Structure formats: structure tokens, C-alpha cells
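In: one predicted model, sequence on top.
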Amino acid sequence: MKRLLLTLITAFSLGPFATMATQLPEGAPEDTVASVGDEVIRFSQLNTLLNSSPVVGLSIPALGTPERNQVMVGLLDKAISANLLYLDAVKQGRDLDPQYQQELQAFSDGIIGGLYRARYLVGDIEVTAEEVDAFYEEQIVAGTEMTDRLRTGIEASIRKDKFKQRTATLRERLREGIEVTVHEENLDVGEDPLRSEDDLVAEYGERRITWGEVKEDLTLPINTLSLERRLEALNSRIDNELMASKGRAAGLDKDSVYLTRVGEFQKTRLVTLHRGQLIEQMEPDDEVLHDYYEQHKANIEFKERRKILMVVLESQEQAQSVKAKIESGEITIYQAAMEHSIHPDAKQNLGDFGWVTQGTGFPELDKVTFAIGPDELGGPVESPAGWHLVKVMDVRDARFTDLGEEETRKVTRRLYLKEKLNDYVVELRKEQFPVVVYDENLKRLFQAEAQMIAAKTKEMEANPERAQQILEEMRKVVE
């Protein structure tokens, strides 16, 4: 049954323009689940997406469950769409856009500079047993027992001090043998409007940094508070450039961490820019938006909703009698529901029917329900189910009923653009770039994950003392 469900989910979620295949292309990673043109989508990528999704209020389904598999199929569809937009952006030359190239270069420098800083300027900070013993003798009260917890705390303190010492001399060590000149005369905040884009603000080696290159960063509010703050921002930028340059010289541009993170940014940022440009081209005018609203009003409007209590009686006479008792205070509507209502759930819910939407019930009952005010008792009114007494407890007004309202216009525009962009992606999938889903491999990977979770669960039950370690092993599988 679960296998059939998965097959159906896959077939319907991924649309009619995806080819299903059982054989992976030669050289493809074993966890490949789809390909879009020459781009591949891996099962591990979907797991990473799922576990890093910042969805407020949405819990991530447990590993190995059908619910998680269904979410993964939905993520696969999103990944396919993103790859289609990426390939379309490259085909249209969006990757040559100067803004994109600058952002990519800045991100690349940041990653490789960070790696160089961590590995060469700071490095691994080791703490020896001798250092721990010396700290204990000098800093800890005599007679205090050296527990594992105390030793760990001492190691952390020593490591923190060493880190401070290394970072304090970081700029000096980074710039050793390099003459850096900062032209403070061209950085006065008061002269920003008069400064030329070509004015030199700093130089080192053969590198010349002009005001035009750094203006956007140095004119941020925090960097205009004082000359000192601006100088620190400029020096930090120079340090980052130097670390990136030295990182490349050290071969860190071939590091797997660097390649992965830059590759992810390269694709994600280009897709975001391309999507934004497409939306600008699809922007509807007033007439188009009005027509769309009229055609889709039923899906845009939120009709009025009311939270009601209801008592269902067999006859009009009985309903009038019970209503009189409620209105006189002889009984409450909750008592009436429990003692007199013929509705099968009345004794359990005491007449609480929850929220009802206008136009969704029996016409006669709907008319009364949405005519009375809060805390009013309406009826009796007849329906095929009997004679009803209704009390309105709360009201939620209708929304998005007038395109002239800003909120309605925003919702309508968003839905219009989403539909147009979806249509565009479907056309790419249909006409431009072949999409192949390796459904048998996807099912195999789902099954393997479920079997792994089952085995790890049994292992935890048999070895409770290793539960935390086993959980960590399970977590690494999906990272």
C-alpha cells in the first residue's frame, strides 16, 4: 500500500512532463534521483534541504516515515523547478550580469578567506596536559578535585585565551611583508558627496582600491559614524582580500567545502535574480489584474465565518419550548444540547459546531446563522436534519472581497504572478530542458533509509547507553 502511495505521489507531484527512468546515467552518483538537462539532483541534497528549511510552526517528519517521503517528493519538484530556472538563466546569459558576477566574487572571496583564516591564521588550537596542570595549580583553589568536568572547563578557558591571542595578532601576521597604505584624506565623511569615483582610498602591492569600489559599503550608516569606524571597515575589507588571495595561492579554491558552498550560492543566487527579472516582465496592469480577480474570486475571497453553538430538536413546538427556557435562564444552551438535542454528537460536544462558512450549510439555516449578531439566539429554523436553535459565539469577517483594497490587491497580484511563473516553468520542462526522474532509485533510497532507521532503533533499544551516539550517527546520514 505504501509503495502504491509513493508511486502515485511521485507521478502526480512531478507533473506530466517528467520522464520516468530506472537506469542511472553513466557516472552519476548512486543517490541521483533526477536530472534536469545536465544538472543532477541527489537524494542527499533533498535531505539537506528538508533539514535546513526554516519553516516556522512546521515540524520535520521523522526519518523513514511515509510523511517524510511525501515531503521529500515535494522538495524534489521544487528542486526540479529551480534547476529549470537556473538552466534558463544561463541560456539567456543572466550569469554574465555584472551585479551577479560581483556578488559571486564577493561570496567566493568570503568563503575562501574564511577557510584561510581558520586553517592558517588561527588553526587548530591544541591544549596539552601540561598546560591544564599548570592552569590548575595557578588558578584553582588548592584541594579542589580534578574531575572530568573541571578538566573540560580548564581546556575551554585555555583554548579561549589562545584564540584571543592569535586573533589579536591576525592582521599583523596577515600583512607581514605587505605594505598597505590607506589614504585617510579621501575618506572624510563630510566630503562624500564631492568625492570622485576614481579617488584612491587604499593600495597594497599592485592593488589600487578606489572610492567607487567601496562606496556602497563605507556609506552604510554604521560606517559614517566616525572616521575611525570607516577606517576599520576599509581595513577589514583589505584583510578579507588578502586572505582570499592567499587562500587561492594555498589551493583552497579546490577545497570541497569551498566548491560546495560556492556552487550552491552560484545556482541559488542566479535563480533568485532570474526569478525576480521574470516577475518584473510578468507584472500585470490594472485591467489584467481586475480580469484575473473576477475569474478567480472564489479562490481569493475568504467568506465570513462564524463560531456557533447549535441544538437540533425533533419538532417546531419542542424547539420553541427549549428556546424559551434558554432565554429565561432556566437552562443554558449547553444543557439544552446535552439533554434535548437529537444530533448524535451533542452529548460529547455540547452543541459546539465550531466555525462555519457562509454559504456552505442548509440554505434556511445559513440565512439565520449569518443574520443574527454575536451572543444572539436564532431559530427555530427547519432543515432536513430537524429544527435548529443557533447561537453565534464569535465572528470572523469576510476578507479580500474588494480589489480596491490594498490587501486584496496584494493577494491577487501574488497569486497571478505565482501562476504565471509556474506556467513558465512548466513550459521550460515541456519544451526546453529534459527532466528525468529515476523513480526506482528514489523508492530504493526511501526503503534503505527506512531500513537503516529500523536497525538503528533496535540498536538503541539493545544499547541504551549508546543512544546519543547512535542518534548522532543517524543525524549525519541526512546532513
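Out: On my side now, so go ahead.
In: residue ranges with poor pLDDT in this protein?
Out: Residue ranges of the chain with pLDDT under 70: 1-18, 52-59, 470-471, 473-479.
In: which residues touch the helix or strand in which Q295 is found?
Out: For Q295, the element it lies in under DSSP states H and E is helix 286-300. By CB atoms under 8 Å, 6 or more residues apart in numbering, the residues outside helix 286-300 that reach it are P284, F400, L403, T408, R409, V411, T412, R413, L415, Y416. To be clear about C-beta, it is placed using only N, CA and C from the backbone, and glycine gets the same treatment.
In: show me these that map onto helices.
Out: For those, the ones inside helices are T408, R409, V411, T412, R413, L415, Y416, with DSSP state H as the criterion.
In: taking those residues, please make a ChimeraX selection of just the buried ones.
Out: In ChimeraX, a selection of the buried entries from those looks like this (16 or more other CB atoms under 10 Å):
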select :408,409,411,412,416
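In: now, among the ones in helices among the contacts of helix 286-300, which is nearest to A250?
Out: R413 (49.9 Å; CB to CB).
In: most widely separated two among the contacts of helix 286-300?
Out: Of all pairs in the contacts of helix 286-300, the most separated under CB to CB is P284 and F400 at 16.5 Å.
In: of these two, who's got more company?
Out: Ranked by neighbour count (other CB atoms under 10 Å), P284 and F400 place F400 first, with 19 against 15.
In: any idea what sits nearest that one, other than its immediate chain neighbours?
Out: Distances taken as CB to CB, 6 or more residues apart in numbering place T408 nearest to F400, at 4.4 Å, with adjacent residues excluded.
In: now G247
Out: Using CB to CB, 6+ apart, the closest residue to G247 is Y116 (3.5 Å).
In: check this protein for me, the residue farthest from its geometric middle.
Out: E317 (58.1 Å; CA atoms, centre = their mean).
In: packing partners of the helix or strand harbouring it?
Out: Assigned by DSSP H and E, E317 falls within helix 316-328. For helix 316-328, the packing partners by 3 or more CB pairs under 8 Å, 6 or more residues apart in numbering; DSSP states H and E come out as strand 305-313, helix 333-340, strand 377-383, strand 386-396.
In: helices or strands up against the longest one?
Out: Pointing back at strand 386-396 there. With contacts taken as 3+ CB pairs under 8 Å, 6+ apart, strand 386-396 sits against strand 305-313, helix 316-328, helix 333-340, helix 363-369, strand 377-383.
In: most tightly packed of the ones you listed?
Out: Highest mean neighbour count of the helices and strands packed on strand 386-396: strand 305-313, a mean of 22 (counted as mean count of other CB atoms under 10 Å).
In: give me the sheet partners of it and which way each runs.
Out: strand 352-357 (antiparallel), strand 386-396 (antiparallel) (DSSP bridges).
In: and the contacts of it?
Out: Contacts for strand 305-313 (CB under 8 Å, 6+ apart): 319, 322, 333-334, 336-337, 340-343, 346, 350-358, 369-370, 380, 385-396.
In: now the helix or strand containing Q105 - C-alpha only, PDB.
Out: Using DSSP H and E, Q105 maps to helix 98-116. This file holds the C-alpha atoms of helix 98-116, laid out as PDB (Å, rounded to 0.1, in the frame of the first residue of the first chain):
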ATOM      1  CA  PRO A  98      27.800  42.500 -13.700                       C
ATOM      2  CA  GLN A  99      25.800  42.600 -10.500                       C
ATOM      3  CA  TYR A 100      25.700  38.800 -10.300                       C
ATOM      4  CA  GLN A 101      29.400  38.500 -11.100                       C
ATOM      5  CA  GLN A 102      30.200  41.000  -8.300                       C
ATOM      6  CA  GLU A 103      28.100  39.200  -5.800                       C
ATOM      7  CA  LEU A 104      29.600  35.800  -6.800                       C
ATOM      8  CA  GLN A 105      33.100  37.200  -6.500                       C
ATOM      9  CA  ALA A 106      32.400  38.700  -3.100                       C
ATOM     10  CA  PHE A 107      30.800  35.500  -1.800                       C
ATOM     11  CA  SER A 108      33.700  33.400  -3.200                       C
ATOM     12  CA  ASP A 109      36.300  35.700  -1.500                       C
ATOM     13  CA  GLY A 110      34.400  35.500   1.800                       C
ATOM     14  CA  ILE A 111      34.400  31.700   1.800                       C
ATOM     15  CA  ILE A 112      38.000  31.200   0.700                       C
ATOM     16  CA  GLY A 113      39.200  33.900   3.000                       C
ATOM     17  CA  GLY A 114      37.300  32.300   5.900                       C
ATOM     18  CA  LEU A 115      38.900  29.000   5.200                       C
ATOM     19  CA  TYR A 116      42.400  30.600   5.100                       C
END
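In: what packs against that helix?
Out: Identification of packing neighbours for helix 98-116 by 3+ CB pairs under 8 Å, 6+ apart yields helix 227-249, helix 256-282.
In: for V141, which of the ones you listed is the nearest?
Out: The nearest among those, by CB to CB, is helix 227-249 at 40.9 Å.
In: just want the angle from the closest one to helix 98-116.
Out: Relative orientation of helix 227-249 versus helix 98-116 (axes from the mean of the first three to the mean of the last three CA atoms, to 10 degrees): 80 degrees.
In: contacts for helix 227-249?
Out: Residues contacting helix 227-249 (CB under 8 Å, 6+ apart): 108-110, 112-117, 120-121, 170-171, 174-175, 178, 180, 182, 184, 187-189, 201-202, 204, 207, 209, 214, 217-218, 220, 222-224, 253.
In: hmm, 6 Å instead?
Out: Outside helix 227-249, the residues that touch it by CB atoms under 6 Å, 6 or more residues apart in numbering are D109, I112, G113, L115, Y116, R117, R171, L174, L187, L218, N223.
In: I158: which of the residues you listed is nearest?
Out: Closest approach to I158 among the contacts of helix 227-249 (CB to CB): R117, at 20.8 Å.
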